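Asker: give the three-dimensional model of this entry:
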Amino acid sequence: MVAQEVPTSTTMDLSHGPAGVAEARRRLRTDLCAQDVPESVRDDAVLILSELVGNSCRHARPLGADAEQADAGRRGIRASWSVGADGLLVLEVTDGGGPTRPRPASPSLTAHGGRGLGIVGSLALRWGVRDAPGEVTVWVLLAVRGRHARRDPSARTGGGLPRGVPLELPLDLAESLDDLG
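Answerer: Predicted coordinates for the structure are as follows:
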C-alpha cells in the first residue's frame, strides 16, 4: 500500500466560464473522496460548488477585471474548500462582484432559473456573503462528520422550494456535464 497525502484545504483559480465549473467539480469530488467524506456530503458539496461557480460566471465580473490583475495570471474566479478538525466543510467562491449581492430569489413556478441559492440554503448549515475591495465571496458551511452530518432523506422538506420542484436533483446530469469542460 502506498501512502497518499490528502489535502486538508484546496484553493484554485478557475476560468470565468463553463470549463471552470467542471474543473472545480472534478477537483472537489476527488479531494473529498480522498478524505473519506461521506458520499451524500460530497454530492451536496459538488452541487453547491457548481451553483456558486455558475452564478459567478453568470452574474459577476471576473477577478482581476483590470489589466494589472489580469497580467498577474488570475483566471477570474477563485474557489476554495477545507475540512476542519471540527467536522465542518467550508466552501468559498470569490469573484469580482456584480451589480447585485447574491441572495435567494422567489421565482415563479414556470421560471427557468432562480432556485439555486434556495437549494444551497436548504443543503447548507449556513451560508453568507463577504465583501472585500474588488471581491465578493460566497461561503457555505456543511457538516461532514458528527451529529450534524446525519441526514434523514425522508425528513427533507425542501426548505423554501416552490411546490412542484423535484427534490431529487439529477446528479448524473451534473456528472455528465464534467465531460464538456
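
Asker: the helix or strand where Thr10 lies pairs with which strands?
Answerer: Using DSSP states H and E, Thr10 maps to strand 9-15. Note on strand 9-15: by DSSP bridges, its sheet partners are strand 76-83 (antiparallel).

Asker: which parts of the partner strand are buried?
Answerer: 76-81, 83 (16 or more other Cβ atoms under 10 Å). Bear in mind the C-beta positions are built from the backbone N, C-alpha and C, glycine included.

Asker: how about those residues, which pair is most distant?
Answerer: Checking the buried residues of strand 76-83 against each other with Cβ to Cβ, the farthest-apart pair comes out as Gly76 and Val83, at 25.4 Å.

Asker: which residues touch the helix or strand where Leu52 lies?
Answerer: Element membership for Leu52 (DSSP H and E) is helix 39-59. Helix 39-59 has contacts (Cβ atoms under 8 Å, 6 or more residues apart in numbering) with 14, 16-18, 20-21, 24-25, 28-29, 32-33, 37, 77, 79, 81, 89, 91, 93, 95, 98, 100, 102, 116-117, 119-120, 123-124, 138, 140, 142-144, 149, 151, 169, 171, 174.
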